[in-house]
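J.: here is a sequence together with a model predicted from it:
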Amino acid sequence: MANKINMGKKYRFTWLVEKGKIRELIETIGDDNAIYRDEHIARRQGYDNIVSPPTFCIIPLHWTGVALQVVNDLKLKVDRMMHAEEGYEYFDEIYPGDILTGVLEIKGMTEKRGKTGILNFVELQTTFTNQHKKVVLKEEMLIVEKK
Amino acid sequence: MEPVFNDIKVGDQVINLVKPAITKTQLIRYAGATGDFNPLHFDDEVGRAAGFEGVVAHGMLIMGIACQGVTNWVSKRSLRKIKVRFKGVTSPGAILNVKAEVAHKRIENEKGIVACTLEVTDQKQDVKLSGTFEAELPL
């Protein structure tokens, strides 16, 4: 069960953005937009390189182990939780070779009584900064756990 | 080609993307790509134990598909924000349709801001994702 001690807790992680990961993601989504695949086309469209697609930053959250760490620290039950909402605010492109620093913060945990019982709402906020110390992305995630 | 701000009207249906049916293999590839190895997405027994027909798609896969629709319409650099709510679960076999409609437009700091509603439905018109996004277009 989530507890108030975890409110405001921060998790820091780093991630090297790789072309291969961009390719894996867009291939499984089935997105054929050339800016995610072809460096020449991406540059002609004014980007510095191929760009990462809008939902790319879910990758470091899982692959660094941070997502699982948060779930374990908050004692959330994986088989009773659902990803309810997701939001991104974009400030700059994320390119292969970029080194992202992510800081995930537990913004809130509230219990509400729903139709099927007690629901635990967990709000997570992550800010991603690149190697130039520029904020490139802000993320908000809402997880709902059925208690 | 970036849409022209002055040509956009509130009420315009600007995205209508129909995807090939979701496959089980796709969910496995999504798990591998993203590192989300929740067995709900690749083990039918776990899916059934959770009350579904079998495996269900990661919500973020559906959001990735919705974003494909978005950056087919506006350039990636124009996309400012997006916020979505995951509604019903998506199972393999689902044929997803991404739609967006212009809700609002305004000029701010010499840029044209367009705000749209965004929705992903399946072939039975069940809503899988609903949300909004905002793009900043040159004037």
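T.: In hand now; what should we look at?
J.: buried set for the longest helix anywhere in chain B?
T.: Secondary structure assigned by DSSP state H gives helix B:59-73 as the longest helix of chain B. Using 16 or more other CB atoms under 10 Å in any protein chain shown as the test for burial, helix B:59-73 gives B:59-71, B:73. C-beta coordinates here come from the backbone N, C-alpha and C atoms, glycine included.
J.: format those as CSV; extra columns: distance to B:Phe52 and pLDDT.
T.: Shown next, in CSV, are those (distance: CB to CB, whole Å; pLDDT from 0 to 100):
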residue, distance to B:Phe52, pLDDT
B:Gly59, 13, 98
B:Met60, 17, 98
B:Leu61, 15, 98
B:Ile62, 15, 98
B:Met63, 19, 98
B:Gly64, 20, 98
B:Ile65, 19, 98
B:Ala66, 21, 98
B:Cys67, 24, 98
B:Gln68, 24, 98
B:Gly69, 25, 98
B:Val70, 28, 98
B:Thr71, 30, 98
B:Trp73, 32, 98
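J.: picking that back up, which elements pack onto the longest helix of chain B?
T.: helix A:19-29, strand A:81-90, strand B:13-18, helix B:24-34, strand B:79-86, strand B:97-108, strand B:111-121, strand B:127-137 (3 or more CB pairs under 8 Å, 6 or more residues apart in numbering or on different chains; DSSP states H and E).
J.: name the residues of chain B found near chain A, please.
T.: Proximity of chain B to chain A, by CB under 8 Å from any CB of the partner chain, involves residues B:19-20, B:26, B:29-30, B:32-38, B:40, B:46, B:49-50, B:58-61, B:63-65, B:67-68, B:70-72, B:75-77, B:79-86.
J.: would you report the backbone torsion angles of the residue positioned nearest the centre of chain A?
T.: By CA atoms, centre = their mean, the mean C-alpha position of chain A lies nearest to A:Ile58, the distance being 3.6 Å. Taking degrees, to the nearest 10, you get phi -70, psi -20 for the backbone angles of A:Ile58.
J.: distance check, it against A:Thr110.
T.: 24 Å (CB to CB, to the nearest Å).
J.: mind checking which helix or strand A:Lys138 is in?
T.: Per DSSP states H and E: A:Lys138 is located in strand A:135-146.
J.: residues contacting residue 112?
T.: Going with chain A. Contacts for A:Lys112 (CB atoms under 8 Å, 6 or more residues apart in numbering or on different chains) come out as A:Ile118, A:Leu119, A:Phe121.
J.: please refer instead to chain B.
T.: B:Phe5, B:Asn6, B:Ile8, B:Lys105, B:Arg106, B:Glu136, B:Leu137, B:Pro138, B:Leu139.
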